[in-house]
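Peer 1: quick one: sequence and predicted model below, then my questions.
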Amino acid sequence: MGEITVSTEQIDHLVRDPASEYGAPYMQAYADLAVSHRGRPVAEIVPLLRAAADAALLGFTGADLVEQARAISTGARYELRVHVTG
């Protein structure tokens, strides 16, 4: 399980908010990769997650991305604990 802290202004960078004009929600990119890259090598998935995290302006660490990539590769469930600051 991973953790990230985002501000209330950044939450739509992580999850889709229909009221926002922000166009790169990370969780959608993650879900898409989970479908398209299951069974693929972790090393192939990490750069794609990094690009999605960078596009969403989220500061995941390299270790976070490797953990997420392993979950995608193996089809394992991945939980992300999100802390929202005011």
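Peer 2: Structure received.
Peer 1: okay, helices next: where are they in the protein?
Peer 2: 11-14, 26-36, 42-55, 62-74 (DSSP state H).
Peer 1: most tightly surrounded among these?
Peer 2: Between the helices of the chain, helix 11-14 has the highest mean count of neighbours, a mean of 20, where neighbours are mean count of other CB atoms under 10 Å. Using the backbone N, CA and C atoms, a C-beta is placed for each residue, glycine as well.
Peer 1: what helices or strands is that helix leaning on?
Peer 2: With contacts defined as 3 or more CB pairs under 8 Å, 6 or more residues apart in numbering; DSSP states H and E, helix 11-14 has these neighbours: strand 2-7, helix 26-36, strand 80-85.
Peer 1: pLDDT on it, on average?
Peer 2: Mean per-residue pLDDT for helix 11-14: 74.
Peer 1: chain center to it, what's the gap?
Peer 2: 10 Å (CA atoms, centre = their mean, to the nearest Å).
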